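Enquirer: Pasting the sequence and the predicted coordinates here, then a few questions.
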Amino acid sequence: MLRVGVLRFPGINCEEETLRAAERIGADARYIWHRDTTLGGADVVLIPGGFSYGDYLRAGAIARFSPVMAAVRDHAASGGPVLGICNGFQILCEARLLPGALMRNHRLRYVSRPVRCIVEQSATPFTSAFIHGQALELPIAHGDGRYVADSDTLRMLEAEGRVVLRYASDADNPNGAMSNIAGIMNAGGNVVGIMPHPERAADPLVGSTDGAGFFTSIADWHALHQPASQTP
Amino acid sequence: MTFRVLVRVMPRQGLLDPQGQAVEHALSTLGYPPLESVRVGRAIEIGMEAADAGEAEARARDMCERVLANPVMEDFHLTVEAS
Amino acid sequence: MTFRVLVRVMPRQGLLDPQGQAVEHALSTLGYPPLESVRVGRAIEIGMEAADAGEAEARARDMCERVLANPVMEDFHLTVEAS
Amino acid sequence: MAQDAQPVTLEGEPPITPELVREHNLNELEFDRIVALLGRTPTFTELGIFSALWSEHCSYKHSKPVLKRFPTTGPQVVQGPGENAGVLRLPDGWAVAFKVESHNHPSAVEPYQGAATGVGGILRDVFTMGARPVALLNSLRFGPLELARNRFLMSGVVRGVGDYGNCVGVPTLGGEVGFADGYSGNPLVNAMCVGLLREKDLIRAKAEGVGNVLLAVGARTGRDGIHGASFASEELSEKSEARRPQVQVGDPFTEKLLLEASLELITSGLIVAIQDMGAAGLTSSSAEMAARGGVGVEIDTGLVPTREPGMSAYEILLSESQERMLVVADPANVPGIEAICAKWELHATPIGHVTDDGMYRVKHHGVVVAAIPGAQLVDDCPIYEPEARESAVAAARRRAAPSASSAPPLAEALPRLLDAPNIASKRWVFEQYDTTVRATTVLPPGGDAGVLMVPEASFGLAVTIDCNARLVLLDPYEGGKGAVAEAARNIACTGAVPLGITDCLNFGNPEKPDVFHQFTEACRGISDACRAFGTPVTGGNVSFYNESPGGVVYPTPTIGMVGLLADVSQRVPSHFQQEHDRIFIAGTTRGQLGGSAYWAELLDFVGGTPPAIDLAAELALQRFLVAAAAAGLLRSAHDCSEGGLAVTVAEAALGGPWSESGFGARVDLASHGAGIGAAALLFGEDGARAVLSAAPEHAAELARLAESFGVPLLEAGTVLAPDQALTLILPDQQLSWSVAALRATYFDAIPRRME
Ligand SMILES: Nc1ncnc2c1ncn2[C@@H]1O[C@H](COP(=O)(O)OP(=O)(O)O)[C@@H](O)[C@H]1O
Ligand SMILES: [Mg+2]
């Protein structure tokens, strides 16, 4: 069975709905406590949104030193899928598992609203359910979502197709992110960080199911990569 | 002449400083020896034209009192450098 | 000995600094003469015990590099005072 | 024995003089009563304790007799007034805890922290009942945005409300923002929290069990906001600027940890009671918990973890440092409690115990500094029922009428109303609040009530907070009724049944007869409406003295209401959804412009007799809306309030805050409200009305249903394509507007002024 681990840091606040979204695809989803030193056998790691350590100092700056992050690093290094959503994305950048950084929104205000974005990379464990260029409407809710990186990094991300999600236009860019970047991946394509919240758009009752694909992709990935020992 | 004014705006003594607390806590978990105190505020760097350092300082002080610092909660400190 | 380390963490030159812009704008609306530049960052005051100023500075520098500043977006400056 | 030691005023503490007593906001009568009940002069620490508990904020000394007349019972009531929050029963063993609180004075001094800590306090009130907070709402009032100070206050308050709730992770599902001169210098910040719990997990803040320990949990105690409670109980003046208490700083991160730790402590069964250290801090929390349990307590302030060295008993008792809880538990459970707290990076520190002698006893490092009979401390504050008399000015205002000559052309009136900050979209505000965290938001802000779902259940909750203060100013009784009626209409428009209310009564100085008249009459109106609707009052908050040299606030009794949507998938949004749908007007239009936004915003005239609220018609409309939603007949329903029919139809047509466009609409009002002048027909604010849309095939059934509830229903028009105009047909003319242009006006009105 697909095992999904949802990290819990003090101050994270999207863990329940992230867990629920993972359960909806039939995964055995469990929390992983920040003080744990192993991932408890999780095949896929989700780092949910919220305000780990109050976002004090910088969003994600303190969480990246948690004991569990060593295990996440190992998991990522061996190709294991990791998705950071919002604060999770910020933590992955601070932990240098993804390049660049997320700064204060350009209008200096927290922004909570649906935004239109485009899937630009479907060859990841989290976006394979989408087609390249597919438009999605996803909720965002953050104060520090302005993606920045130096020009070499930006060039590399574009050249290697590592921009996973992009705001649909300048007008849709809610935070002043460079190149309208809403989400990126690492060189291996197994570590992905996105600012929008797909777990909040995975149920028709709450308005949209555009985010569900981020989770069904995990199930597809798992079906392809099931370790031999677990095959029935 | 051009001056660079460095302003430090810090939470008033006695007021809770949750950021400072969080940073202190984080540093101690990272194994740094215990610190006496950590406080976090804002740093503002202002480049300005002024006749002399005294004028630069006086103008910056006025800005701090009116705009840059919140007198209810914050104290400020100024230093002026010729640049 | 007890030292006070003042850390200034500023947004990297070249990066958009909306806070600096907002302050500059607020000051100009209030009628202050135009400024060359305004940048806003974080000020951190650390009180620590150390054998000498050199040790205090070295420790603070290490904290900045590891935790207090993010080199992707920030530069930092340190000053050490005996207190 | 130390128990019998006389409490002492410590070295360095001031002697008790008449000046000192006055500075503690205690009058002669009150001080005499203190001396009588102690049989001696109080110590300095005791004076501080009395000053806090006998402040208006804690003692309700000017409001108690009036509040007693509220209806507070009903089959759905699990917990009425008197606890940290009220609790109502929901299906399947669930219950909802909810409460509203004001943080007006702190927000006037420091808008960001004042608003933030207001949200923090109301969250704690709800999670100390064992409920997980699932929704926040806020009701805000400021002076006109033309003044820079008011813009500063509004942007600070909104950021403060947002940052705190966003960080803790509770979605904001609704609120209101109003503007009027009287709020300049007296902004109102009312925060409401709604929490969900299993009814069996409900815990009350009642100290019990002689020998049980009291533990302080959470943040350390600093010198914040000492005397905040008595500060909140006087008019703002130059003097209070000077003796401004230190601002309380909120730490939402610690709050989040405290929330998780508290819920875990409650479900663990390790604790007897838990209470927030809110206004007047440790003093009021410990004294109230003891009084509820009919026991005594003994605390040693020397044991309380402090942020700074050298704090006195007086300071520790009265500190309003945030994010602290007081817990009562069996001593045997202390290790278990400490373990749960440590998991959440918090400390739990024993600071005292429950005693059998009914005394409220405080020691400081072993020295007795206060010993007061506990029940008297909480209950014996003198109660005042001051004179209530309407002022001649108020009576005259109601009889006045504007000069018609200044009225703008009708076609201009609608866009100008949509541009008025009181009516315009509050998107600029709620865009700064996380409205979707928890992924349970079914109807976000921007419509009538907010609706949320419960993942483990099929029902939903509708939540709203409302008050049209202008109507209360003009006629406190009808205005009080109107606030409840509007809240209930908002709830019913989503398809939910109104269940109960919490109220936040923001008024001026109650010692002034006209203010007290407003207060008693508004409460009478609230009571009558709540009785008629079967929505009991489960709790609330009184905020008096909202006055400054600049003026006094409009009487603003804010009503927070929750409603139950039996099947959340049947929820009804407030905007038109589909071209070709039919548009209906439910209710009767009499065209009463008294107190209307039309007069206030366009003729600059606040006056006239507001429409009387017909409670039977309101109830019939609510029931009809609920039945129509349950039968799946409605595509949209929007309550008719400020700005009347024209604004309501326009808002329904303009679409939600995030949609790319609205819909055109053509509505024929020629046959509606025969004999009424055009302005009165378009902008009159009669109650008990709503604008609905339904698929054409449901029109007949909807009409039959309306008739069965005795609700007049007019099929008045059609939803048109997004690029079509909004057209209103009157008996003698036809008015048309571009929907895109109206959308721009409506959504840009506030950003345009704020930026
Ligand atoms: N301060 C606020 N916070 C959150 N939502 C708000 C706020 N002010 C207004 N809103 C939302 O804007 C919408 C319109 O509010 P309002 O003008 O009061 O409408 P109504 O008169 O129908 O109650 C509602 O959905 C309301 O919840
Ligand atoms: Mg309203």
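Expert: Now that the structure is in, tell me what you want to look at. Numbers count the residues shown, from 1 in each chain, chains lettered A, B, ... in the order given. Ligands and ions are numbered 1, 2, ... in the order given.
Enquirer: Who are the contact partners of whichever residue of the stretch 651-755 of chain D sits closest to ligand 2?
Expert: The nearest approach of the stretch 651-755 of chain D to ligand 2 comes at residue D:651, 11.3 Å away (Cβ to the ion). In short, each C-beta sits where N, CA and C put it, glycine included. By Cβ atoms under 8 Å, 6 or more residues apart in numbering or on different chains, the residues touching residue D:651 are D:574-575, D:638, D:746.
Enquirer: Over to residue D:5?
Expert: The neighbourhood of residue D:5, defined by Cβ under 8 Å, 6+ apart, consists of residue D:368.
Enquirer: Just the residues contacting stretch A:143-156, thanks.
Expert: By Cβ under 8 Å, 6+ apart, the residues outside stretch A:143-156 that reach it are A:55, A:58-59, A:86, A:90, A:99-106, A:109-111, A:157, A:162, A:174-179, A:181-182, A:184, A:195, C:15-16, C:72-73, D:163, D:166.
Enquirer: Does residue D:107 belong to a helix, a strand or coil?
Expert: Of the three states, residue D:107 takes helix according to DSSP: H, G, I helix; E, B strand; the rest coil.
Enquirer: make that residue A:31, sorry
Expert: With three-state DSSP as the basis, the three-state label of residue A:31 is strand.
Enquirer: quick one: the residue of the stretch 651-755 of chain D closest to ligand 2 is in a helix?
Expert: Yes - assignment of residue D:651 by three-state DSSP places it within a helix.
Enquirer: Against chain B, how distant is it?
Expert: Distance of residue D:651 to chain B, computed by Cβ to the nearest Cβ, to the nearest Å: 38 Å.
Enquirer: now do residue D:497
Expert: Distance of residue D:497 to chain B, computed by Cβ to the nearest Cβ: 41 Å.
Enquirer: pLDDT score for residue D:225?
Expert: The model reports residue D:225 with a pLDDT of 73.
Enquirer: what about it, helix or strand, and which?
Expert: Per DSSP states H and E, residue D:225 falls between elements, in no helix or strand.
Enquirer: Now it: closest residue in space that isn't a chain neighbour?
Expert: Among residues not flanking residue D:225 along the chain, residue D:320 sits closest, at 3.3 Å (Cβ to Cβ, 6 or more residues apart in numbering or on different chains).
Enquirer: what residues are up against the one you found?
Expert: Contact partners of residue D:320, counting by Cβ under 8 Å, 6+ apart, are D:224-226, D:228-229, D:248, D:277-281.
Enquirer: Considering those residues, which possesses the most neighbours?
Expert: The residue in the contacts of residue D:320 with the most neighbours, by other Cβ atoms under 10 Å in any protein chain shown, is residue D:280 (29 neighbours).
Enquirer: Quick test: name the residue nearest the centre of chain A.
Expert: What sits nearest the mean C-alpha location of chain A, by Cα atoms, centre = their mean, is residue A:84, with 2.8 Å.
Enquirer: So it sits against residue A:193, correct?
Expert: Yes - taking Cβ atoms under 8 Å as the definition, residue A:84 is a contact partner of residue A:193 at 4.2 Å.
Enquirer: okay, and the common contacts of those two?
Expert: Shared contacts of residue A:84 and residue A:193 (Cβ under 8 Å, 6+ apart): A:90, A:92, A:98.
Enquirer: Report how many residues lie close to whatever residue of the stretch 151-300 of chain D ends up closest to ligand 2.
Expert: For the stretch 151-300 of chain D and ligand 2, the shortest gap (Cβ to the ion) falls at residue D:176, measuring 4.5 Å. Using other Cβ under 10 Å, residue D:176 has 22 other residues around it.
Enquirer: my read is it is in a strand, agree?
Expert: Yes - with three-state DSSP as the criterion, residue D:176 is part of a strand.
Enquirer: Quickly note the distance from the closest residue to chain A within chain B to residue A:36.
Expert: Nearest residue of chain B to chain A: residue B:22, at 3.7 Å (Cβ to the nearest Cβ). As for residue B:22, its distance to residue A:36 is 21 Å (criterion: Cβ to Cβ, to the nearest Å).
Enquirer: which one of the two has more residues nearby?
Expert: Comparing residue B:22 with residue A:36 by other Cβ under 10 Å, the one with more neighbours is residue B:22, at 24 against 16.
Enquirer: Test my guess that the more buried one contacts residue A:62.
Expert: Yes - using Cβ under 8 Å, residue B:22 is in contact with residue A:62, at 6.4 Å.
Enquirer: intersection of neighbour lists for the two?
Expert: Counting by Cβ under 8 Å, 6+ apart, the contacts common to residue B:22 and residue A:62 are A:53, A:56.
Enquirer: Quickly list what the residue of the stretch 151-300 of chain D closest to ligand 2 is bridged to.
Expert: Per DSSP bridges, the residues bridged to residue D:176 are residue D:139.
Enquirer: Chain B: strands as residue ranges?
Expert: Taking DSSP state E as the criterion, chain B carries its strands at B:2-11, B:37-49, B:74-82.
Enquirer: could those strands be laid out in CSV, adding mean neighbour count?
Expert: Formatted as CSV, those follow (neighbours: other Cβ atoms under 10 Å in any protein chain shown):
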stretch, mean neighbour count
strand B:2-11, 20
strand B:37-49, 21
strand B:74-82, 16
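Enquirer: Dump the ones you listed into CSV; add distance to residue D:709 as well.
Expert: Formatted as CSV, the strands of chain B follow (distance: least, Cβ to Cβ, whole Å):
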stretch, distance to residue D:709
strand B:2-11, 58
strand B:37-49, 59
strand B:74-82, 59
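Enquirer: TSV for the ones you listed, including distance to residue A:72 and mean pLDDT?
Expert: Listed next are the strands of chain B as TSV, based on distance: least, Cβ to Cβ, whole Å; pLDDT from 0 to 100:
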stretch	distance to residue A:72	mean pLDDT
strand B:2-11	34	95
strand B:37-49	27	96
strand B:74-82	38	94
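Enquirer: Ok, which of the ones you listed comes nearest residue C:50?
Expert: Nearest to residue C:50, of all the strands of chain B, is strand B:37-49, at 14.0 Å by Cβ to Cβ.
Enquirer: ok, that closest one: who's next to it in the sheet?
Expert: As defined by DSSP bridges, the strand partners of strand B:37-49 come to strand B:2-11 (antiparallel), strand C:37-49 (antiparallel).
Enquirer: Any idea which of those strands gets closest to residue D:290?
Expert: For residue D:290, the closest of those is strand B:2-11, at 35.1 Å, according to Cβ to Cβ.
Enquirer: Run the chain-centre distance for the closest one.
Expert: Average the C-alpha atoms of strand B:2-11, do the same for its chain, and the two points are 6 Å apart (Cα atoms, centre = their mean, to the nearest Å).
Enquirer: what's the angle between it and strand C:74-82?
Expert: Orientation check (axes from the mean of the first three to the mean of the last three Cα atoms, to 10 degrees): strand B:2-11 against strand C:74-82 gives 80 degrees.
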